[in-house]
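# Mind folding the following:
(chains A and B)
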Amino acid sequence: MADILKIGLSALLSHQRALAATSNNIANANTPGYSRQRVELAERSSERLGSSFVGTGVDVEFVRRITDDILAGQLRNAATEFHRSDVFSELASVLDNLLADQQTGLSPTLQSFVNAMQQVADDPGSQSSRQVFLSEARNLASRFNSLSGRLDEVSAELNARIRASVTEINSLGAGIADLNRQILASGTPSDGAPPPELLDQRDRLLESLSQLIGVDTVEQSDGTVGVFIGTGQVLVLGTESASLAVRPGSFDPEQPNIVLEGAGPDVNVTEFLSGGSLGGGLDFRRELLTSARANIGMIALGLAQAFNTEHANGMDLLGNLGGDLFAVPAPRALAAATNAGSSSVTVSVTDLGALQPNDYQLVFDGSGYSLFRGNTGTAVAMTGSGTAVDPFLAEGISIVVAGAPATGDQFLLRTVSEVSSGLSVLFSDPARIAAAAPTRTRGALANVGNGAVSAGQIIDVTDPGLLATATIEFVDATTYSVNGAGSFAYTPGADIDINGTRIQITGSPAAGDQFVIEANAGGIGDNRNALAIAASLAAGIFNAGVTTLQGAASNLVTEVGAATAESQNRRDAQRLLFDQAEQKLESVRGVNLDEEAADLVRLEQLYQAAAQTVAVADSLFSTLLSALGRQ
Amino acid sequence: MRVTDNVLRMAFLSALTQAQQRIADTQNQVATGRRVNLPSDDPFAAARIGELDASLSRLEQYRSNGGLAVTRLGLEEETLVSVIDNLQRVRELAVQGNNATLGDADRAAVATEMRQRLDSVLALANASDQNGHYMFSGYSESTLPFAPGPGGVSYNGDEGQRHLQLSDERLVATNDAGSEVFQRIPNGNGTFVVRAAPSNTGAGVLGPASATDPSAFVPDTYAINFLSPADYEIRDSGGGLVASGTYADGQAIAFLGVEVVLTGVPAAGDSFSVAPSSSQDVFATLQAFIDALERPVTDQASRSLLHNDMGQGLVDIDQAVSHMIDVRAEIGARIRAIEQEAALIDGFSLQLTESLSELRDLDYAEALSLLTSQLFGLEAAQQTFARTQGLSLFRYL
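The predicted structure follows:
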């Protein structure tokens, strides 16, 4: 009877435990990261009774925490990938939106500007069309400024995100190290340790960490977990955690680096980090933001140079040659803070047709300089020797180096990325728009032949004799002299270049006929240069004269749009994988209330049955007592 | 797979988020009427849309350039029509003034009207366009083109011709320099010009002069000198004898492809010159009429001078009228070219607009049916979730 009582009690206690576990599961059904627990029962060792064994009841062997480390690892990987692409696509869609605007996008603004030039050509003497043109020019410049301003904002937001991520990574790393310490202190697994909630918490922290940055985890034999980032840099090992820090970039404080602080010197891990929202942000900066800024800068530079060059060939209403309308910041060479040598570098853009939309890095390797593209790191071959007379030439830029460099010295060559923010309009006087050409031509009224002279085209505005009057007089039908001197054979329609002006004479001039090139004094109705400017703005400028300004703007839209679309597709695919991984893990560790309800019913019944055995034992005992008492 | 409550919830939430995202996308498309709202919606279409928009805007500018050019050319044409009217009236007056029955006072009256006509032509040549710029001064559009002076009307403009862009390749001139319109007019018959010397005393009056063989004409100034009323000789500018002959009233004097008809009897010592045609401005032609009409006719010599000047003036004014008509025809040709170009632009714009619409605009029927099915899907998901949430064993305990 005592046996029965003992067995009944063991069953009562065990099922009470099991009921408690079920209740705990129900209570934590909604707790994030909770792994359901199950009481594992085991028979007590039986007693020998003669030749056989009799059972002695049931014991709670241990409480099992049901989860799956492999699935948890898969979830972490999926979370890393998903958050990387999520942040990338989120940031990319900011650029996407920026370029989308139908009214204020780069392409319509450029076209309005060219149209305004055409309107000046329509009526060059009109103040109002000139005013409209200047306001379009200012509009265009401020469009470029605001585009780069928005990029700066995106960059600043990105930097804030990087700082916040780094802070969070550090606190998560510290949290994991702390949990490692608690788990280590809770004893060995044989003591029923570690407590499941510590493991749940650690899993949760690892999951949060993997949303921020790609991590590798290694479970140690003592129950602690090691966490590695990047290419194997230690974040957590045992009970110790390292910390990351954000440091200003060696060239640009707006491009901060992430370093791993340790006992030795800080290690720059920026290039090694990948995955998670931090990796996504860094990838966005590397792949899209820098490139968009460089592309916009290149378009701004092309616009300014094409306009200013053509404008210089013209004459404004005041009778002066056209001055620069657009100012752009000169390309800069930034020395790295770590440079030990004393060399200095100057860089300039010499050929828009070969220019690439990226900045460069110039590195001295001890014996010579090498040039690398800033965005891809691809090496670029240079010609020349780097002196002022024979500068290094590569991809449309010219580099002059001076002084003594030290091995490893680096320079960042900002060729295009600062142009857009610095583009400005230099004058506001409408009279200074050089719509006219500085010279004009005429045939003498007394001419007898039917020769005709073209309006003239400026080929060298710097010619000292540009504005001098030149008279071409025909000695006979096939020979002419210039200003009474020389004897030149006449070919109808051939170019005749005099004092920087190119003309053609057609038809059959007679002896004594005169054609005159003279300064275009008072020529306010002349629009030849305005037409030339409009034509040059629509002509191919980049890529060896193939890509126009509009084409470059379209390319930028395509590039950003395609990168955004691709990142969104990747995000959607990763979201699916992430959801699946989460559901898989959740399907193992999560609580099914129906299951718990069934357990509840089952355990209650078992408890009742065990109670009945105790009652039976009691009744047996009573039966025995009463039977003995009657004797 | 074991299904837990969280799995159900997560699956539903994920399905719900995606369904709502899709509905929001479709709704945005319907609201804007555009298939492509962001470059990422269709990167290549977005770039193409940008290019098409820019092309349309450029074409619009060309169309507006063309419109402006037509206005400007129209104004020039109207001005030229008035000039031609004036010149034709001058011609009538000249014929009238050349009538031998008129007295000095009658001729003075004709001269007065002619002077008014000259003023009108001068005013027309100095006319301004709708922006207040002189039409006929070339590039120097704020310089008064024609100013009368002691030596006649002088031109202060230049030969500049402003072109407007009609298309990527085509330019059209929108003005003509005053020197080309009013000055570069050949006098005489276009090959040579015949003049009577003012000192002639005889009754010889120049009749029609024609270039029978322009290629035989050697450009030089020739003098037909009458040695007696019946004998003449022709000398070139160097004094070399070219031809000589006997003169009969009304009979042509011919040399080097030149044929000059004289009527009346010249006196010995009278001379007529034959010189290559040169440019003569229309104001000088008119002024020559006025000068001739205002000279009193007192004797045979002055009468011959009147008839000779008026007769040659008529030749010159015919040249001027025909030159003006040529200029006008040229303007008409330009206007037609602009209109042709505008029609091309219209056709091209239409094509671009269609392409643009194909790329950018939403197919509403498709989008709305998509929206309906998306909403239906969302509703179904919501209902399923609500139903499965109600299924709990606990309800039966």
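# okay, CA-based contacts and neighbour counts for the rest of this
Noted.
# buried stuff in stretch A:26-33?
Across stretch A:26-33, burial judged by 16 or more other CA atoms under 10 Å in any protein chain shown covers A:Ile26, A:Asn28, A:Ala29, A:Gly33.
# Stretch B:196-213 too?
Of the residues in stretch B:196-213, those buried by neighbour count under the rule 16+ other CA under 10 Å are B:196, B:198, B:200-207, B:209-211.
# mind listing the helices for chain A?
Per DSSP state H, chain A carries helices over the ranges A:2-27, A:69-100, A:106-122, A:127-185, A:196-212, A:276-284, A:290-311, A:419-422, A:528-538, A:549-589, A:593-630.
# Return the residues of the stretch 51-200 of chain B in contact with chain A.
If contact is defined as CA under 8 Å from any CA of the partner chain, the residues of the stretch 51-200 of chain B in contact with chain A are B:51, B:53-54, B:57-58, B:61, B:65, B:68, B:131, B:133, B:138-143, B:158-165, B:179, B:183-184.
# low-scoring pLDDT stretches of the stretch 251-400 of chain A, where are they?
Confidence mapping of the stretch 251-400 of chain A against pLDDT under 70 gives zero matching residues.
# In it, which residue sits nearest chain B?
In the stretch 251-400 of chain A, the residue found nearest to chain B is A:Leu317; the distance is 10.9 Å by CA to the nearest CA.
# what's around that residue, how many residues?
Neighbourhood size, A:Leu317 [other CA atoms under 10 Å in any protein chain shown]: 22.
# shouldn't it be in contact with A:Ala434?
Yes: counting by CA atoms under 8 Å, A:Leu317 sits close enough to A:Ala434 to count as a contact (6.9 Å).
# any idea which helix is longest in chain B?
The helix that spans the most residues within chain B, counting by DSSP H, is helix B:300-360.
# shaky segments in chain B?
In chain B, no residues with pLDDT under 70.
# residue ranges of the helices in it, please?
Using DSSP H, the helices of chain B run over residues B:5-32, B:43-97, B:104-125, B:178, B:282-294, B:300-360, B:364-390.
# B:Arg195 reaches B:Met310, doesn't it?
No: with contact taken as CA under 8 Å, B:Arg195 and B:Met310 are classed as non-touching, separated by 10.9 Å.
# thinking again about what came up before, among the buried residues of stretch A:26-33, which one sits closest to A:Leu625?
Nearest to A:Leu625 among the buried residues of stretch A:26-33: A:Ile26, at 44.7 Å, using CA to CA.
# Contacts only, for that closest one.
By CA atoms under 8 Å, 6 or more residues apart in numbering or on different chains, A:Ile26 lies in contact with A:Val591, A:Leu593, A:Glu596.
# And B:Gly160, by the same measure?
With CA under 8 Å, 6+ apart, B:Gly160 has these contacts: A:Arg440, A:Thr441, A:Arg442, A:Ala455, A:Asp526, B:Ser137, B:Gly138, B:Tyr139, B:Ser140, B:Asp176, B:Ala177.
# burial measure for A:Ser52, as a count.
For A:Ser52, which is what you asked about, the neighbour count (other CA under 10 Å) is 8.
# And it, how close does it get to A:Leu5?
A:Ser52 is 21 Å from A:Leu5, where distance means CA to CA, to the nearest Å.
# so can I have a markdown table of the contacts of A:Ile26 showing neighbour count and distance to A:Arg373?
Below are those laid out as a markdown table (neighbours: other CA atoms under 10 Å in any protein chain shown; distance: CA to CA, whole Å):
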| residue | neighbour count | distance to A:Arg373 |
| --- | --- | --- |
| A:Val591 | 28 | 54 |
| A:Leu593 | 20 | 59 |
| A:Glu596 | 22 | 62 |
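# just those that are near chain B?
Applying CA under 8 Å from any CA to the contacts of A:Ile26, one finds that A:Val591, A:Leu593 fall near chain B.
# pLDDT wise, what is A:Gly545 at?
Here the pLDDT value assigned to A:Gly545 is 87.
# Please verify my assumption that A:Ile7 contacts A:Thr56.
Yes: with contact taken as CA under 8 Å, A:Ile7 and A:Thr56 are classed as touching, separated by 5.6 Å.
# which of the two has more neighbours?
Neighbours were counted for A:Ile7 and for A:Thr56 using other CA under 10 Å; A:Ile7 has more, 22 against 18.
# got the contact list for the more buried one?
A:Thr56, A:Gly57, A:Val58.
# Kindly provide the distance from the closest residue to A:Phe133 other than its chain neighbours to B:Gly132.
Among residues not flanking A:Phe133 along the chain, A:Ala116 sits closest, at 4.9 Å (CA to CA, 6 or more residues apart in numbering or on different chains). When distance is defined by CA to CA, A:Ala116 is 21 Å away from B:Gly132.
# For those two, indicate the residue with more neighbours.
Residue environment comparison for A:Ala116 versus B:Gly132 gives the larger neighbour count to A:Ala116, 23 against 12, counting by other CA under 10 Å.
# Would you enumerate the residues in contact with the more buried one?
Here A:Ala116 is in contact with A:Ser129, A:Val132, A:Phe133, A:Glu136 (CA under 8 Å, 6+ apart).
# Return the member of those nearest to chain B.
The nearest one, if we look at the contacts of A:Ala116 relative to chain B and count by CA to the nearest CA, is A:Ser129, at 11.7 Å.
# I'd like to know how far the closest residue to the closest one other than its chain neighbours sits from B:Tyr134.
Spatial nearest neighbour of A:Ser129, excluding adjacent residues (CA to CA, 6+ apart): A:Val120 at 5.3 Å. The span separating A:Val120 from B:Tyr134 equals 17 Å under the rule CA to CA.
# One more: B:Ser304?
For B:Ser304, the distance to B:Tyr134 - CA to CA - is 41 Å.
# Please apply the same query to B:Gln351.
In this structure, B:Gln351 lies at 40 Å from B:Tyr134, with CA to CA as the measure.
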